[in-house]
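In: Prediction below, plus the sequence it came from.
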Amino acid sequence: MIMDNSFQSNNIPAPLSKKYDQIRALFKELNSALVAYSGGVDSALLLKIGTDTLGENCVGVLGVSSSLAADEKQMAIKLAERLNAKLEILPTFEMENDLYLKNDLRRCFYCKHELFSRMQELAQQRNIAVIVDGSNADDRGDYRPGMEAAKDLQVRSPLLEAEMNKEEIRQLARFLDLPVWDKPAQPCLSSRVIYGQFINQDVLDMIDRAEQYIKKRGYNVVRVRYLGSTASVEVDSALLPRILQQRESDLVRSTLKEIGFADVVIDPDGYRQGNLNEKYTTG
């Protein structure tokens, strides 16, 4: 049964309301949809609007593999429950693809191609019309091989079609009372591995354990980059003075070495999205 119990668009500023209505109209036109869902603000907004518009004819799909951090999986599941959204946990097998494990500049293409291919199979089984993802207008200005996979497999991108950028997405998510409206981006664990360095299960487990440890010490935004055998730790710039204190940095270094990293450095520039691409691209 199709529903439409969404937030009243007349409470939203007019330019944003117009885009919101455009996305709702797209879902109505599709009649049913699978949403590639990660628990981040982009896909959560899509799942919220899709569920409000289509009810059970909208299904979120959370792709699960070794590259998904354990806490991200649990948070995504809890958020879907809060949204009263249908959710499918879908195992993906990019870790069995040697091209993915090679970790060149097209790694994200192989990952997204695997996810969308599995979603296509699910859509056919459930007689669901279309797959949608959370690509947005800002993604056009970044290197996004995953968007190529979406195009190849005819995945729709409602946020992109409505020309919504990240700031507008966060604004609308806040109006719709989504708790992740200000959640920092959280790409997969494989994105922490320097291009050209092969990915394996042990490395991803080490990265996950290291990031969970640092988060528990009060650092909300954390990246542990894997540069061969060295871990480069990035935290939000506001907390850099704290982690750079001798006692704190020594504790972080010693713990990460216990986890399995041969060497550990604290990045004095702090976290910045795309840091690995800018500083350490080898492919």
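Out: Cool, the structure landed.
In: When you work out contacts or count neighbours from here on, use the C-alpha atoms and nothing else.
Out: OK.
In: Tell me, how many residues neighbour the residue lying closest to Val180 once chain neighbours are set aside?
Out: In space, and not counting its chain neighbours, Val180 is closest to Val41: 5.6 Å by C-alpha to C-alpha, 6 or more residues apart in numbering. Per other C-alpha atoms under 10 Å, the neighbour tally for Val41 reads 24.
In: for Asn97, same thing?
Out: 12.
In: ok, now how distant is it from Tyr110?
Out: 8 Å (C-alpha to C-alpha, to the nearest Å).
In: okay, and the common contacts of those two?
Out: Shared contacts of Asn97 and Tyr110, defined by C-alpha atoms under 8 Å, 6 or more residues apart in numbering, are absent.
In: Now the terminal residues of stretch 240-251, how far apart.
Out: 15 Å.
In: chain center to it: distance?
Out: Taking the mean of its C-alpha atoms, stretch 240-251 sits 28 Å from the chain's own mean (C-alpha atoms, centre = their mean, to the nearest Å).
In: Show residues contacting it.
Out: In contact with stretch 240-251 (C-alpha under 8 Å, 6+ apart) are residues 266, 268, 270.
In: In it, which residues are buried?
Out: 240, 243, 249 (16 or more other C-alpha atoms under 10 Å).
In: From the contact counts, what lies against the strand or helix carrying Val224?
Out: Here Val224 sits within strand 222-227, counting by DSSP states H and E. For strand 222-227, the packing partners by 3 or more C-alpha pairs under 8 Å, 6 or more residues apart in numbering; DSSP states H and E come out as helix 201-216, strand 230-235.
In: so of these, which one's packed in deepest?
Out: Ranked by mean neighbour count under mean count of other C-alpha atoms under 10 Å, these are led by strand 230-235, which reaches a mean of 23.
In: next SSE after that strand?
Out: helix 240-243.
In: tell me the mean pLDDT over that next one?
Out: The average pLDDT for helix 240-243 rounds to 96.
In: circling back to that earlier point, just send the buried residues of stretch 240-251 back as a markdown table, with distance to Ser17 too.
Out: Shown next, in a markdown table, are the buried residues of stretch 240-251 (distance: C-alpha to C-alpha, whole Å):
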| residue | distance to Ser17 |
| --- | --- |
| Leu240 | 38 |
| Ile243 | 42 |
| Ser249 | 46 |
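In: which one of the contacts of stretch 240-251 is nearest Arg24?
Out: The closest of the contacts of stretch 240-251 to Arg24 turns out to be Gly270 (C-alpha to C-alpha; 38.5 Å).
In: Look at that closest one and report its pLDDT.
Out: Looking at Gly270, its pLDDT reads 94.
In: for Gly141, same thing?
Out: 69.
In: what do you get for Gly228?
Out: With respect to pLDDT, Gly228 has a value of 89.
In: How many neighbouring residues does it have?
Out: By other C-alpha under 10 Å, 16 other residues sit near Gly228.
In: isn't it right next to Ile194, touching?
Out: Yes: judged on C-alpha atoms under 8 Å, Gly228 makes contact with Ile194 at a distance of 7.4 Å.
In: contacting residues around the residue lying closest to Ala44 once chain neighbours are set aside?
Out: Nearest residue to Ala44 in three dimensions, chain neighbours excluded: Tyr37, at 6.7 Å (C-alpha to C-alpha, 6+ apart). By C-alpha under 8 Å, 6+ apart, the contact list for Tyr37 reads 43-44, 47, 60-63, 133-134.
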